[in-house]
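Peer 1: dropping a prediction and its sequence here:
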Amino acid sequence: MSWYEYISNAAGQVICINGAPSNPPNLEIYTFADPVEGVYNLGIKLLSSSGGMYGCQQLAPITAYAYANVIVFEETPLCTSTVPQGDNAVEEGDEYSMTCSVSYLGDAGWAPKMEWKDDNGVISDVIDNSEEGKLDVTVTRSAAPDHHGFEYSARIHFVAYNGTLPDGTATNIPSFTEIHTFDAIVVHYSPRDIEFTEEKAEYFPGEEIVCSANGNPQPDFTWRNLNTGLVIETNTLFIKYDMLCEQQSYECLATNVIKGTTHNVTRSLTFSVVIHCPNRDID
């Protein structure tokens, strides 16, 4: 049984015969063990000079060949993001991007693939078959409220061989995979979708009207009487007996502050306050 390397010599260089070094090989890279029950192991130290194709040949009782490709990643994926560190926050409409890159050595036919995902699924799927040996992918997005809380991830893995195989051979896809996950993104957006718990033309004393709105940061609420200018700093307007005398007009204001700028949205409501008088039989 012989082991070959096809890195220094495209035609194949013998490095081991029946478990013993040959030619002699670089012992800083290759290690050998005595055969055990017909198993001939070759140890390979992963260096920039050891990526490429290897083969083993059996001469007796029949002639047979097998090959293996070693892909050496020079480092873990290098990933960066334009999202500000710290609060990890962007404002609605801002463009932000994330980049991951990885360098590899070995048979160019075994180019890795980079798959990007967000909370909704795959958003980018790129395979690199260049001879430069570097996979570099940037994903750019425009911040939207539904991106809030998303965790983006980039996965390096293999899907297919795109090189030329020796005659009569097939490939097994390497099981290697590595994932980089970014911190959950925070999207700030102005208040919107303001609404009341119940909007009616008439209310009874003791009822209450709750004002709500979407926004990030969470909006603050105030009610303002459009007739008197009275301001109530709460999201709940309580209906009282002293509102019986005249028609009421109120405005709810939802406010938040993003990057030092105040954003707000309003909605008004006009109603009357009535009391319920029970029916009586009059003699």
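Peer 2: All right, it came through fine. In this text the structure is predicted, and so the values were computed from the model without any measurement. Numbers count the residues shown, from 1 in each chain.
Peer 1: tell me the helix or strand right after the helix or strand hosting C100.
Peer 2: Assigned by DSSP states H and E, C100 belongs to strand 95-105. Moving toward the C-terminus from strand 95-105, the first helix or strand encountered (DSSP H and E) is strand 113-118.
Peer 1: picking that back up, any idea how far the strand holding C100 is from the middle of the chain?
Peer 2: Remark: strand 95-105 is offset 13 Å from the chain centroid, using C-alpha atoms, centre = their mean, to the nearest Å.
Peer 1: which helices and strands does it pack with?
Peer 2: strand 72-73, strand 78-81, strand 113-118, strand 134-142, strand 153-157 (3 or more C-beta pairs under 8 Å, 6 or more residues apart in numbering; DSSP states H and E). To be clear about C-beta, it is placed using only N, CA and C from the backbone, and glycine gets the same treatment.
Peer 1: now those strands in CSV, with mean pLDDT?
Peer 2: Below are the helices and strands packed on strand 95-105 laid out as CSV (pLDDT from 0 to 100):
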stretch, mean pLDDT
strand 72-73, 86
strand 78-81, 95
strand 113-118, 92
strand 134-142, 91
strand 153-157, 93
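Peer 1: how about these, which one is nearest T63?
Peer 2: T63 lies closest to strand 72-73 among those, at 30.2 Å (C-beta to C-beta).
Peer 1: who are the packing partners of the closest one?
Peer 2: Counting by 3+ C-beta pairs under 8 Å, 6+ apart, strand 72-73 packs on strand 95-105.
Peer 1: give me the sheet partners of the strand it packs on and which way each runs.
Peer 2: strand 72-73 (antiparallel), strand 78-81 (antiparallel), strand 134-142 (antiparallel) (DSSP bridges).
Peer 1: most tightly packed of those?
Peer 2: strand 72-73 (a mean of 18; mean count of other C-beta atoms under 10 Å).
Peer 1: next, the angle from the strand holding C100 to strand 113-118.
Peer 2: Taking axes from the mean of the first three to the mean of the last three C-alpha atoms, to 10 degrees, strand 95-105 and strand 113-118 form an angle of 150 degrees between their directions.
Peer 1: would you mind pulling the contact partners of strand 95-105?
Peer 2: 48, 51-52, 71-83, 90, 111-112, 114, 116, 133-143, 152, 154, 156, 180, 182, 185 (C-beta atoms under 8 Å, 6 or more residues apart in numbering).
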